[in-house]
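A.B. asks: After the sequence you'll find the predicted model.
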Amino acid sequence: MNLWRTAVLAIAGQPLVERLVKTYGLRLARRFVAGDTLEEALAVVDRLEADGIHGILDVLGEMVTDEAMARAFAEEIKKTVSAFAERPYPRYVSVKLTQLGLDTATSLAEALLADILALAREKDVFVRIDMEDSPRVDATIGVYRAMRERGFDNVGLVLQAYLKRTEADLEALRPYAPDLRIVKGAYREPPEVAYQDQNTIRERFKALVRKNLEAGNKTAIATHDDVLIDWAKRWTGEAGIPRERFEFQFLYGVRSELQRKTAREGYTTRAYVPFGESWYPYFSRRIAERPENALFVLRGIVKK
């Protein structure tokens, strides 16, 4: 599976491939992307709530190097926070710091995120900082720490199980009692920094979940892997971990029946609902994760 992911991400990075996929537009990405507008995303959230699944809204966009564009994305995220706050559901959004200009200046990303968090706190909306590729981990953790030290407690972070550094990162974050989302990791990373073997990644994933929950911290178990989901249900039951301390998180459009099943079983269940025009990088990572996702796209191209 790691060979598949590596190959797909390498191919997706080719300009010709990107042009080909974008030619068919959002129609092919619709399985994984709610739409290109906030209104379409909120409609998806409404449908998910009917099945007992809460939504996590994410304005797509990353790797921004223009300050004006970063500020425009920040305004779009604040608009999303305000609109979501009008819904009678648990409200939750995700942001990427490179969307807020992290690659231009850490101070810019911090200032824009603090503005978002202030509004989100007022509107009772939780904000999750997504983790990006390995060169940006230190800066991302640094911004998270800065937000916590400024008194924001409506913010969480993501840690990636396949990075060899992650257990040390978790240990360093202990003083903040972090609300964490644990994921396997979806970026193309070299063997020097990331585990490549799926069994090893699973064991690292379990260790991170155990450590954060045993420390009394809230934890989002974000995976579609049956092995990990079954383990988490079994282990939390045996360890007496209350269900309000953890939840299962999934991606919109991936294994929808599993999401409904988890919600029916009484576990807090959320689906990550991305929307916006900057969908290609996100879409590429979804194709890289599961071969069946690629087959779905190829069928669409052939039909076209």
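C.D. replies: Perfect, thanks for sending it. Numbering: from 1, shown residues only.

A.B. asks: buried set for stretch 169-177?
C.D. replies: Applying a neighbour-count criterion of 16 or more other CB atoms under 10 Å, one finds 169-170, 173, 176 buried in stretch 169-177. The C-beta positions use only the backbone N, C-alpha and C, and glycine is treated the same way.

A.B. asks: From the opening residue of that stretch to its closing one, how far?
C.D. replies: The first residue of stretch 169-177 is 13 Å away from its last residue (CA to CA, to the nearest Å).

A.B. asks: domain ranges for this protein?
C.D. replies: 1-33+279-304, 34-277 (automatic domain parsing).

A.B. asks: Tabulate these (TSV), appending mean pLDDT.
C.D. replies: Formatted as TSV, the domains of the chain follow (pLDDT from 0 to 100):
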stretch	mean pLDDT
domain 1-33+279-304	53
domain 34-277	97
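
A.B. asks: hey, which of those domains is tucked in deepest?
C.D. replies: Sort the domains of the chain by mean neighbour count, taking mean count of other CB atoms under 10 Å, and domain 34-277 sits at the top with a mean of 18.

A.B. asks: start to end distance for it?
C.D. replies: End-to-end for domain 34-277, by CA to CA: 11 Å.

A.B. asks: Leaving out chain neighbours, which residue sits closest to D179?
C.D. replies: G156 (3.8 Å; CB to CB, 6 or more residues apart in numbering).

A.B. asks: The one you found sits in which helix or strand?
C.D. replies: Using DSSP states H and E, the element containing G156 is strand 155-160.

A.B. asks: what sits up against the helix or strand following that strand?
C.D. replies: Sequence-wise, the next helix or strand downstream of strand 155-160 (DSSP H and E) is helix 166-173. The contact list for helix 166-173 (CB atoms under 8 Å, 6 or more residues apart in numbering) reads 137, 141, 144-145, 157, 159-160, 180, 204, 207-208, 211-212.

A.B. asks: Now V95: phi and psi?
C.D. replies: When read as degrees, to the nearest 10, the backbone of V95 gives phi -130, psi 150.

A.B. asks: Right, I'll call it a day here.
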